[in-house]
Each structure stands twice: as C-alpha cells, then as structure tokens.
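Visitor: kindly return the folded structure for what I paste below:
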Amino acid sequence: EGSPSESINDWWVEAAPVSARLNWVASECRARQFKRVVELGSVDGGSLFALGKYAPEIEWHGVEVHPQAVANGKALAAKHNILNFNLHHASSFKAFASRVSDAEHARFKGHKTDLHRFDAVMVFEVLEHNSPEEGRRIVDAARDCVRPGGRVFITTPCGNWSLHDDKTQDLELRKDHILAFTVKRMEKFLNSL
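Guide: This next block holds a predicted model:
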C-alpha cells in the first residue's frame, strides 16, 4: 500500500545529504574502480539522489518492490530534471536478479542489452525488515546480481535492541523490524547461507 517511506521530497533531492554509510560505499567503489552499482531495497531512491551527486562517475541503480515508491522517486527525479536516475521496479529482488541473469545470457549470445551484472550490490537497512527465509533470498539475489570479483555491501542496525536475544524477534521496540542483528548474529546468518 503505497510508498514505505515518505523520507524524500524536493528538499532531499536538492540537498542530497551524503551519510557516513554512503560516503563509505562510494569511497570503496572508487578505490576498486567500480563503474556500476545497484542497491536492493531503494524505496523511493533517497540514496540514489545523494550518490549520483557525490560520485557521478559511477552508474548507480536501485531496485524496489513497492511500485508507488518507485513512482514517487521517478517523479521527483523528473521534476528536478535528473536524467541519470536509475530506479527499477521488480516484484522481488530474485525476479530482478533473474532479469540481470537473462540479459547477461542474451549478451553472450550476441544480443544487445543494457542490463548485466553489477560491480557491487548494496543491501542497506533491508534485512532486518524480513524473515530469515526472505533475508536468505535477498542475499541470494544480491549474489546473483554481482559480477565475479565484485562486492556485496550489507548494513543493518547493529545492536542488542531486541528484547528477545536468541530469537532475534523485535516485537516491542520497532514494529517494522523483524530481525535484530549483532555482529555475531550477522556472522551466523551469513554463514548459514
């Protein structure tokens, strides 16, 4: 039902604030000479506006499963005449990864396509909103989208703010968070893939 975020507006697009996390990922991508990066879970493209201004030499893409969020982001980009705003809608991140894979396969057969694997994939503040099973599908999709030798960057709120340490269920403090990660929980989660 609509956009899961109302965080960006005209002010956001004009200011395009670069957080420490976005500065870090842009620096990492520059250091590795990455040219194409995609974010899974872009909502309405808030990160894309900032990254596009901060590191315009990199082609930034975003994928979101909420069609209204994508429409909101694209409308703001059009309103501000931002031409390099690459926000894609997909029914799931796995569906987007399949489109990337299919396009890459077509390219190998000599067909022209704009979609191919990315140098890096960002999964920022997404996993905690999903069940462990869906989280595994998201990380699998990220792996499917990244080229060999590329990187998958994952961030999530890290701390013991869940009231349920072992179950990692956060029922009391943040209604939109299902998982609570600490460094050990993230290691365990990634090692279970």
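
Visitor: alpha carbons only for contacts and neighbour counts from here, please
Guide: Will do.

Visitor: how many residues are close by residue 186?
Guide: Applying other CA atoms under 10 Å, we find 17 residues neighbouring residue 186.

Visitor: one more: residue 54?
Guide: Neighbours of residue 54 (other CA under 10 Å): 16.

Visitor: checking the residue nearest to it when sequence neighbours are not counted next. Helix, strand or coil?
Guide: Counting by CA to CA, 6 or more residues apart in numbering, residue 18 is the residue found nearest to residue 54 once chain neighbours are left out, at 7.3 Å. Here residue 18 is recorded as coil under DSSP: H, G, I helix; E, B strand; the rest coil.

Visitor: could you report the neighbour count for residue 18?
Guide: Counted with other CA under 10 Å, residue 18 comes out at 16.

Visitor: likewise residue 136?
Guide: 17.

Visitor: so it is in contact with residue 193, correct?
Guide: Yes - counting by CA atoms under 8 Å, residue 193 is a contact partner of residue 136 at 6.6 Å.

Visitor: show me the helices in this structure, by range?
Guide: Shown for the chain, the helices assigned by DSSP state H span residues 10-15, 20-31, 46-54, 67-79, 93-108, 132-145, 183-191.

Visitor: as TSV, these with distance to residue 61 and mean pLDDT would be great.
Guide: As requested, the helices of the chain are exported to TSV (distance: least, CA to CA, whole Å; pLDDT from 0 to 100):
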stretch	distance to residue 61	mean pLDDT
helix 10-15	16	73
helix 20-31	13	93
helix 46-54	7	90
helix 67-79	12	92
helix 93-108	12	73
helix 132-145	12	88
helix 183-191	24	84
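
Visitor: can you tell which of those helices is closest to residue 37?
Guide: Comparing the helices of the chain against residue 37 with CA to CA, the closest turns out to be helix 20-31 (8.3 Å).

Visitor: check which helices and strands the closest one sits against.
Guide: For helix 20-31, the packing partners by 3 or more CA pairs under 8 Å, 6 or more residues apart in numbering; DSSP states H and E come out as helix 46-54.

Visitor: now for the helix it packs on, which elements pack on it?
Guide: Judged by 3+ CA pairs under 8 Å, 6+ apart, the packing partners of helix 46-54 are helix 10-15, helix 20-31, strand 59-64.
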